[in-house]
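*Asks:* sequence isn't available, so here's the structure alone:
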């Protein structure tokens, strides 16, 4: 009997426990990462998420603090060094498993930090592939300090969860880490990143509210910005995007007959044509389904189709 007890005691000693686990309430959760480059140094900005915003209000969360944006900043010779300098000021361990977005400045991309950031996030064990990427010509930190217009959690902002906004108005398609890695592995070796800018199109009871607008696209080839495609180009580009859901299209633009339709279904077939002089053109054949909410007098059904 004594030998059996000793055997059980020895077997229990080999069982693993929770001695090295991290309790959720003892962690700090990274929601967004901003990367800039100034005076020869990499500047890292880290946005911290308040997980109370993911819980229902009756569970005890304070609604007034759900969308508050806290951003820490640090510099270093490399992104790794800047992040570790930021660790030194954190109260608790920073957990990266909820990282939702990355914003890079124009200078950060030109100095090689785009490809470096992709490799770092791809290799790190905590990060996931659902991290959306953005580029801005303005101040990265200012964009990260903007709270959602409604009193909602930062986890549901336009940066953290852009799919909801895109499904209603499919203008600038979001792109995540997984999609970027696939695109850069293709022979063209370039990706299209939404470009952010700050706007004041919303007004609260006391003052105007800042919000983020995406109406341009930055075409990037690893560490080089190939082009910035403006809104007038994206008006056409959106209709050949494979993820298009629905959006508004203006017909008879600039005339007294100007009106709008909602395109909700489309099929596009693109055929490349190489000319003798080496130029490449594309023939686009498209089928579109759209709805007209209000018909204008004097415009026939056929004229709508032709326009």
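*Replies:* Happy to help now that I have it. If you're wondering where the values come from, they're calculated on a predicted model, not measured in any experiment.

*Asks:* can you pull out the strands in the stretch 51-200 of the chain?
*Replies:* Applying DSSP state E, counting those that start in this stretch to the stretch 51-200 of the chain gives strands spanning 70-76, 93-95, 101-105, 132-136, 191-203.

*Asks:* which one of those lies nearest to residue 37?
*Replies:* strand 101-105 (6.7 Å; CB to CB). C-beta here means a position set from N, CA and C on the backbone, and glycine is covered the same way.

*Asks:* out of the strands of the stretch 51-200 of the chain, flag the one nearest residue 223.
*Replies:* Using CB to CB, the nearest of these to residue 223 is strand 101-105, at 10.5 Å.

*Asks:* what ranges do the helices span in this structure?
*Replies:* 2-13, 79-87, 106-110, 113-123, 140-144, 163-168, 177-184, 231-237, 301-306 (DSSP state H).

*Asks:* can you list these in TSV and add distance to residue 201, mean neighbour count and mean pLDDT?
*Replies:* Output for the helices of the chain, formatted as TSV (distance: least, CB to CB, whole Å; neighbours: other CB atoms under 10 Å; pLDDT from 0 to 100):
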stretch	distance to residue 201	mean neighbour count	mean pLDDT
helix 2-13	64	8	64
helix 79-87	33	16	94
helix 106-110	24	19	93
helix 113-123	29	17	92
helix 140-144	15	22	94
helix 163-168	14	14	92
helix 177-184	29	16	93
helix 231-237	15	13	89
helix 301-306	30	10	87
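
*Asks:* how about these in CSV, adding distance to residue 40?
*Replies:* Shown next, in CSV, are these (distance: least, CB to CB, whole Å):
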stretch, distance to residue 40
helix 2-13, 54
helix 79-87, 13
helix 106-110, 11
helix 113-123, 13
helix 140-144, 17
helix 163-168, 37
helix 177-184, 27
helix 231-237, 34
helix 301-306, 57
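
*Asks:* quick one: closest of those helices to residue 131.
*Replies:* Nearest to residue 131, of those and by CB to CB, is helix 177-184 at 4.4 Å.

*Asks:* which outside residues touch that closest one?
*Replies:* Helix 177-184 is contacted from outside by 118, 121-122, 127-131, 133, 175, 190-191, 222, using CB atoms under 8 Å, 6 or more residues apart in numbering.

*Asks:* got the angle for it vs strand 191-203?
*Replies:* Note on geometry: by axes from the mean of the first three to the mean of the last three CA atoms, to 10 degrees, helix 177-184 and strand 191-203 are set 140 degrees apart in direction.

*Asks:* what about helix 177-184, distance to the chain center?
*Replies:* 13 Å (CA atoms, centre = their mean, to the nearest Å).

*Asks:* show me where pLDDT drops low in the stretch 101-250 of the chain?
*Replies:* Of all residues in the stretch 101-250 of the chain, none has pLDDT under 70.

*Asks:* rewinding a little: so which of the helices of the chain is nearest residue 41?
*Replies:* Each of the helices of the chain has some distance to residue 41 by CB to CB; the shortest is helix 79-87, at 7.7 Å.

*Asks:* who are the packing partners of the closest one?
*Replies:* strand 41-48, strand 70-76, helix 113-123 (3 or more CB pairs under 8 Å, 6 or more residues apart in numbering; DSSP states H and E).

*Asks:* contacts made by that helix with the rest, please.
*Replies:* Residues outside helix 79-87 that contact it (CB under 8 Å, 6+ apart): 35, 41-44, 46, 72-76, 94, 113, 116-117, 120.

*Asks:* tilt between it and strand 70-76?
*Replies:* 130 degrees.

*Asks:* quick one, helix 79-87 and helix 113-123 angle?
*Replies:* Using the same axes, to 10 degrees: helix 79-87 against helix 113-123 is 70 degrees.

*Asks:* start the count at 401, not 1, going forward
*Replies:* OK, 401 is where the count begins now, so the last one is helix 479-487.

*Asks:* could you report the neighbour count for the nearest residue to residue 596 once chain neighbours are set aside?
*Replies:* Among residues not flanking residue 596 along the chain, residue 536 sits closest, at 4.3 Å (CB to CB, 6 or more residues apart in numbering). Other residues near residue 536 come to 25 when the count uses other CB atoms under 10 Å.

*Asks:* so residue 536 makes contact with residue 543?
*Replies:* Yes - because the distance of 5.6 Å satisfies CB atoms under 8 Å, residue 536 is recorded as touching residue 543.

*Asks:* nearest residue to the middle of the chain?
*Replies:* What sits nearest the mean C-alpha location of the chain, by CA atoms, centre = their mean, is residue 532, with 3.3 Å.

*Asks:* all good on my end, thank you.
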